[in-house]
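Novice: structure for the following, please:
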Amino acid sequence: MAQANKKNRKPAIAVTRTDSERLWRLAESFADRNPAVAEELLGELDRAKVVEDGRLAPDVVRMGSSLRFTSDLGEDRNVTLVFPGEADIAEGKVSILTPIGVALIGLSAGQSIDWTARDGRIHRLTVESVQPPTSRAALAAASPELRTAT
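Specialist: Modelled structure (predicted):
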């Protein structure tokens, strides 16, 4: 029983103050269009430890981070976490407003999390490595989220 509880417990996550503020506004503005994903993002933000910008460890997934993750489906993917207007799955740019994007935010290398796909199935992913945003990626991640949400 304790093993089952440990597996279902979500890992500790951290986000920067700037990402937290932007993502709260984005989730709230998106709530009417996709309430399930918006609620999941708000839940993750609510439980996240918020740290000052520049104080987040480099191996923590934040907006604009490039990362490698593996999944229980045998996937081994390299992606960049972006705001919706920058998303392009062919280029490996995953929107924060997708179930997998929500699952990734705030995780650090080595952490795993269960996430629910749009078809309702539960999957497990593990972050293998994280590269912090480059200055160019950071600028893209900092684009006004309300512009991309409309």
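Novice: contacts only, for Thr98.
Specialist: Val37, Ala87 (C-beta atoms under 8 Å, 6 or more residues apart in numbering). For the C-beta atoms, the positions are set from N, CA and C on the backbone; glycine is no exception.
Novice: again, 7 Å this time
Specialist: By C-beta atoms under 7 Å, 6 or more residues apart in numbering, Thr98 lies in contact with Val37.
Novice: pull up the gap between the most centrally placed residue in the chain and Gly74, please.
Specialist: Nearest to the geometric centre of the chain sits Ile105, at 2.6 Å (C-alpha atoms, centre = their mean). With distances taken as C-beta to C-beta, to the nearest Å, Ile105 is found 23 Å from Gly74.
Novice: how about the helices in the protein?
Specialist: Using DSSP state H, the helices assigned to the chain run over residues 2-8, 17-30, 35-47, 99-104, 135-141, 145-149.
Novice: same for the fourth one, what does it pack against?
Specialist: In this case it means helix 99-104. With contacts defined as 3 or more C-beta pairs under 7 Å, 6 or more residues apart in numbering; DSSP states H and E, the packing partners of helix 99-104 are helix 35-47, strand 93-95, strand 112-116.
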